[in-house]
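Chemist: what follows is a predicted structure for the sequence shown.
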Amino acid sequence: MDLYLILQVLWWVLLGVLFVGLGTMVGMDMGVGTLLRFIGKTDTERRTMLNAIGPHWDGNQVWFILGGGAIFAAYPLIYATSFSGLYVVILLLLWSMIVRPLGFEYRSKMPSPAWRNAWDWTLLLSGALPMIIFGAAMGNMLMGVPFHFEWNLRSIYTGSFITLFNPFSVLAGLLSLSLSVYMGGVMMMGRAPEPIAGRARAAASYAALAAIVLFAVLGVWVSMVNGYKIVSFPGAGVPQTPLQQTVELVPGGWLSNYKSYPILWAVPLLGFAGLFFGWMSVRAGKHTLAWWLGAVSWIGVIGTIGVAMFPFLMPSSSNPSQSLTLWNSISSETTLLWMTGWTVVFVPLIFWYTSWAFYVMRGKVDPREVEADPHAY
């Protein structure tokens, strides 16, 4: 098999791994922020929650950086098209991510209740908003993004900010938020004492049920909309541009891969199984098992989207034949080889230090220690 083709498929898989890592690790911290004002009833309880994720949240941002960096290096055409056309949304995402560390660092520096409450709401919004945008972005990929290319591959975005938050993408955003709240609730079950842990258990349970319903509704919806199908193109593993293909819309086309290879139905089933058994684990108080099942849920959800769209990555609703696919938007063979080499070195290190940090910081946070420590969050 051609090496370039292998590298292209490998980086399609690795992009999915990065998205799953982002949803699981960053989503967990964002979920705690979203729950901050709901399960933390007092200032001490909210400080306990923040200190529970304090050793991890900034390290987990690595997944966010890796995701953007991987798209920039492996899929430069997607990076350029999305970051220019979706500029306002990207800025909204970045500003919410910028104020988040400010909330961690400044919230408890002054004893004023008004000061701390303001930062609490900032942390809540900067936790919920990025996850909604993350899910909405996935939803828009399935619906198609309004862009097209000129002869020199200059992308032209023809949509608006409002069109990006259509009903389907909003539901996708709520699914992402539900998964985030589930992960955050499970995290608090294991790291926070009662009564925070009990409230977190209830929140995680409701979030899992909401995610199951939303995942099912979105699945049915996708089966009824037009999917994209490549009619002609230079071929897999061949250097090409989006101006060299013909794509048509097909009713229910996003299920074509599932129909061609029925074994792929195992991917969405994995998502449902992770959520259902995660819900049962939460009800049983098994927070560690529930956390891992939450990661399985993210694998199932992200994998379901990836399998349905393959080989499409950013379909165009303005000109379907100029949609961005795995074949026409990826970097050169040399670039992918270098990226693969560095990935083999650094990704295992990321897994190692993340695991080590969670092992060292295991156990529940003591509210009395938080109150006594002037340097605590």
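Modeler: Thanks, I have the structure now.
Chemist: OK, contacts around I90?
Modeler: Residues in contact with I90 (Cβ atoms under 8 Å, 6 or more residues apart in numbering) are 82-83. Heads up, the C-betas are built off the backbone N, CA and C, glycines and all.
Chemist: so it is in which element?
Modeler: helix 87-106 (DSSP states H and E).
Chemist: mean confidence for that helix?
Modeler: With pLDDT averaged residue by residue, helix 87-106 scores 87.
Chemist: could you tell me how far that helix lies from the centre of the chain?
Modeler: Here helix 87-106 shows a centroid-to-chain-centroid distance of 16 Å under the convention Cα atoms, centre = their mean, to the nearest Å.
Chemist: go on, stretch 154-164?
Modeler: 22 Å.
Chemist: right, and the helix or strand after the helix holding I90?
Modeler: Moving toward the C-terminus from helix 87-106, the next helix or strand (DSSP H and E) is helix 113-143.
Chemist: chain center to that following helix: distance?
Modeler: How far helix 113-143 lies from its chain's middle: 12 Å, per Cα atoms, centre = their mean.
Chemist: can you name every helix or strand that the helix or strand harbouring R368 contacts?
Modeler: With secondary structure defined by DSSP H and E, R368 is part of helix 367-372. Using 3 or more Cβ pairs under 8 Å, 6 or more residues apart in numbering; DSSP states H and E as the contact test, the elements touching helix 367-372 are helix 43-53.
Chemist: tell me the angle the helix it packs on makes with helix 113-143.
Modeler: Put simply, helix 43-53 runs at 50 degrees to helix 113-143, going by axes from the mean of the first three to the mean of the last three Cα atoms, to 10 degrees.
Chemist: ok, M49 touching L36?
Modeler: Yes - counting by Cβ atoms under 8 Å, M49 does reach L36; the two are 6.0 Å apart.
Chemist: more neighbours, the two?
Modeler: Neighbours around M49 and L36, counted as other Cβ atoms under 10 Å, are more numerous at M49. The numbers are 27 against 24.
Chemist: list the contacts for the more buried one?
Modeler: By Cβ under 8 Å, 6+ apart, the contact set of M49 is 32, 35-36, 39-40, 188, 192, 196.
Chemist: can I get the residues you listed in TSV with pLDDT?
Modeler: As requested, the contacts of M49 are exported to TSV (pLDDT from 0 to 100):
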residue	pLDDT
V32	95
L35	96
L36	94
I39	94
G40	92
M188	95
A192	92
I196	95
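Chemist: let's have these in JSON lines, adding secondary structure and distance to G227.
Modeler: Compiled in JSON lines, those are given as follows (DSSP: H, G, I helix; E, B strand; the rest coil; distance: Cβ to Cβ, whole Å):
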{"residue": "V32", "secondary structure": "helix", "distance to G227": "36"}
{"residue": "L35", "secondary structure": "helix", "distance to G227": "36"}
{"residue": "L36", "secondary structure": "helix", "distance to G227": "39"}
{"residue": "I39", "secondary structure": "helix", "distance to G227": "40"}
{"residue": "G40", "secondary structure": "coil", "distance to G227": "43"}
{"residue": "M188", "secondary structure": "helix", "distance to G227": "39"}
{"residue": "A192", "secondary structure": "coil", "distance to G227": "44"}
{"residue": "I196", "secondary structure": "helix", "distance to G227": "44"}
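Chemist: among the residues you listed, who's most crowded?
Modeler: Comparing the contacts of M49 on neighbour count, M188 comes out first with 32 neighbours (neighbours: other Cβ under 10 Å).
Chemist: can you tell me the closest non-neighbouring residue to that residue?
Modeler: Distance criterion Cβ to Cβ, 6 or more residues apart in numbering; nearest residue to M188, sequence neighbours excluded, is A200 at 3.5 Å.
Chemist: residues near the one you found, how many?
Modeler: Other residues within reach of A200 by the criterion other Cβ under 10 Å amount to 31.
Chemist: what about it, distance to V250?
Modeler: Per Cβ to Cβ, to the nearest Å, A200 is found 44 Å from V250.
Chemist: likewise for L50?
Modeler: Applying Cβ to Cβ, the value for L50 to V250 is 49 Å.
Chemist: one more: I6?
Modeler: Using Cβ to Cβ, we find I6 at a distance of 28 Å from V250.
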